[in-house]
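> Below is the sequence, then the predicted model.
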Amino acid sequence: MTRGIGLYVHIPFCASRCPYCDFATAPARTVLRAAYLAALREEIAREGRMLDRPRIRTLYVGGGTPSLLDPSEIESVARSLREAFDLRPREATVEVNPATLDRERLGAWLELGVTRISLGAQSFDARGLRALGRTHQSQDSTTAFMAARDAGLDVNLDLIFGWPGQTVADWQRDLESAIALRPDHVSCYPLELRLDPEASVANWPGGGWPVLERWRQRTAAAQPDDAGVARLYRLAEGVLGRSGYRHYEIANWARPRKRSLHNLGYWRDRDWLGVGAGAHTHLGGVRSANPIELRTYIAYARSGSARSADLESDPRAEAAMLALRLDTGLDLRRYGIRFGDEAASRVRLALTDVSRARLVRWSGDRASLTARGRLLASEVFVRLLP
């Protein structure tokens, strides 16, 4: 870990639950908020000791809605991070809900050393925001964006496409609205709706899963079909490409030298530590995860128990799939050095097979997804599974 590691910090609190969200979240006003943050600080301190105060190469504070934290809470977490780690990140990102970024909170994040925000705009269309169950307004995204710019921060805009009733013209306007702000980075995700219960449902009182399930079933029935979603994705490729954004990962575009360094660590299969409820870790080739449910996580953090190792993960398949998400693709020569000739031959055979369907292109020993392959990436990835 001499090059340093990535550090992900999970803040689960949200003012309201977006009905499409599959991340570990919890109400902002939960009675467990103080206990959670205390447990998070305990976990941070313990991991710092166990890993001998490693250098943090990149920092990402995600959620949930980290921008909901009060300045005193941000400062408390920041102090724990500085004490536990050699905190000198090349890039430090915090996820922001457009309606929650005020000057005082922004100042506290700047004190932590944040260099970049990821702004969950999702749409600039009022109908789109309603369809997605979002509580902010379009102008909130612009206001938050300008506040971050005034503070000298890089900005990523998150956008969602494929919501019920969305037309090609609607998506074109969303993309143009985003580009008009001149963000450094744009992430575009199709609306995906899981219809199975999640562990994080236990964090939310009230109607629980049946309410979410009914919303998701109605929404899924009204979404564009696969061909419609593909048309919207291709439109994003064209519009963003013509505007100077490099399509460097399946769902991500960036201006020159503005790619997400933290997320590149994931896709390049590097080491990272995740702290907080539901956070995942990849250290020394082993993947593990924390409990999602808040009470369970708090008990885990206080007890000092080990994370749950993912015994079903396959490092060889995961490394290949992650590399193929990037426009630089998978270098089979390096892959063979890491995992052996047999593993490399297996992957080469699988990718050669799908290249006949114009899903993969070759340049020497390097394989990368074609434009068609990015649309049908799951058809490629499934062939790499053991």
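Sure, I can see it. Numbers count the residues shown, from 1 in each chain.

> In the stretch 201-350 of the chain, mark out all the strands, start to finish.
Counting by DSSP state E, counting those that start in this stretch, residue ranges of the strands within the stretch 201-350 of the chain are 246-249, 252-254, 272-275, 280-283, 286-289, 308-309, 330-331.

> And these: which comes nearest Gln223?
Nearest to Gln223 among these is strand 252-254; the distance by CB to CB comes to 22.0 Å. To be clear about C-beta, it is placed using only N, CA and C from the backbone, and glycine gets the same treatment.

> what's the helix or strand of the chain with the lowest mean pLDDT in contact with?
Taking mean pLDDT, DSSP states H and E as the measure, the chain has strand 308-309 as its least confident helix or strand, at a mean of 86. The contact list for strand 308-309, computed with CB atoms under 8 Å, 6 or more residues apart in numbering, reads Val286, Arg287, Ser288, Ala289, Asn290, Pro291.

> rank the strands of the stretch 201-350 of the chain by pLDDT, which is bottom?
Mean pLDDT per stretch puts strand 308-309 lowest among the strands of the stretch 201-350 of the chain, at a mean of 86.

> Direction included, what does it pair up with?
Using DSSP bridges, the strands paired with strand 308-309 are strand 286-289 (antiparallel).

> Please point out which parts of the partner strand sit buried.
Applying a neighbour-count criterion of 16 or more other CB atoms under 10 Å, the buried positions in strand 286-289 are Arg287, Ser288.

> All further residue positions should be reported with the first residue as 5.
Taking 5 as the first residue, the last one we looked at is strand 290-293.

> what distance separates that strand from the middle of the whole chain?
Distance of strand 290-293 from the chain centroid (CA atoms, centre = their mean, to the nearest Å) equals 17 Å.

> Also stretch 8-25?
Mean-position distance between stretch 8-25 and its chain equals 9 Å (CA atoms, centre = their mean).

> got the CA positions of it in CSV?
Output of stretch 8-25 as CSV, limited to C-alpha atoms (Å, rounded to 0.1, in the frame of the first residue of the first chain):
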residue,chain,number,x,y,z
GLY,A,8,-1.7,4.9,-0.8
ILE,A,9,-5.3,3.6,-0.8
GLY,A,10,-8.7,5.0,-1.6
LEU,A,11,-11.0,5.7,1.3
TYR,A,12,-14.8,5.7,1.1
VAL,A,13,-16.8,7.1,4.0
HIS,A,14,-20.5,6.3,4.0
ILE,A,15,-23.0,8.9,5.5
PRO,A,16,-26.5,7.2,5.1
PHE,A,17,-28.7,10.1,6.2
CYS,A,18,-31.3,11.5,3.7
ALA,A,19,-34.1,14.1,4.2
SER,A,20,-36.4,11.7,2.3
ARG,A,21,-35.9,8.4,0.5
CYS,A,22,-35.6,8.5,-3.3
PRO,A,23,-37.8,5.5,-4.2
TYR,A,24,-35.4,4.2,-6.8
CYS,A,25,-32.4,4.2,-4.5
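
> quick revisit: want to throw the contacts of strand 312-313 into TSV with distance to Ala321?
Shown next, in TSV, are the contacts of strand 312-313 (distance: CB to CB, whole Å):
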residue	distance to Ala321
Val290	15
Arg291	12
Ser292	17
Ala293	18
Asn294	23
Pro295	25
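
> ok, of the residues you listed, which one's closest to Phe165?
Ala293 (28.9 Å).

> So which other helices or strands are in contact with the lengthiest strand in the chain?
Longest strand in the chain, counting residues (DSSP state E): strand 90-100. For strand 90-100, the packing partners by 3 or more CB pairs under 8 Å, 6 or more residues apart in numbering; DSSP states H and E come out as strand 59-67, strand 120-126, helix 265-271.

> Nearest approach to Leu277 belongs to which of those?
strand 59-67 (8.6 Å).

> So what touches the helix or strand that contains Leu11?
Per DSSP states H and E, Leu11 falls inside strand 9-15. By CB under 8 Å, 6+ apart, the residues outside strand 9-15 that reach it are 28, 44, 48, 55, 58-70, 72-73, 81, 85, 89, 93, 266, 269-270, 274-284, 287, 294.

> and with 6 Å instead?
Identification of contacts with strand 9-15 by CB atoms under 6 Å, 6 or more residues apart in numbering yields 58, 60, 62-65, 67-68, 70, 266, 269, 275-281, 283.

> can you check stretch 199-212 too?
Residues contacting stretch 199-212 (CB under 6 Å, 6+ apart): Arg21, Ala28, Thr29, Ala30, Trp213, Arg220, Ile296, Glu297, Leu298.

> Take those residues and write them to TSV, including distance to Ala234.
What follows is the contacts of stretch 199-212, written out as TSV (distance: CB to CB, whole Å):
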residue	distance to Ala234
Arg21	29
Ala28	30
Thr29	30
Ala30	35
Trp213	30
Arg220	21
Ile296	32
Glu297	37
Leu298	38
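
> Could you let me know which of those residues ends up closest to Glu196?
Closest approach to Glu196 among the contacts of stretch 199-212 (CB to CB): Arg220, at 10.0 Å.

> Pretty sure Leu197 is one of the things that closest one touches, is it not?
Yes: with contact defined as CB atoms under 6 Å, Arg220 counts as touching Leu197 (4.4 Å).

> still on that earlier bit, mind putting the strands of the stretch 205-354 of the chain into TSV with distance to Val100?
Below are the strands of the stretch 205-354 of the chain laid out as TSV (distance: least, CB to CB, whole Å):
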stretch	distance to Val100
strand 250-253	21
strand 256-258	17
strand 276-279	20
strand 284-287	22
strand 290-293	25
strand 312-313	30
strand 334-335	33
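
> give me the low-pLDDT residue ranges for this structure?
Of all residues in the chain, those with pLDDT under 70 make up the ranges 5-6, 201.

> for Arg33, phi and psi?
Dihedral angles of Arg33 (phi, psi; degrees, to the nearest 10) stand at phi -100, psi 20.

> how deep is it tucked in, by neighbour count?
9 (other CB atoms under 10 Å).

> ok, now how distant is it from Pro209?
11 Å (CB to CB, to the nearest Å).
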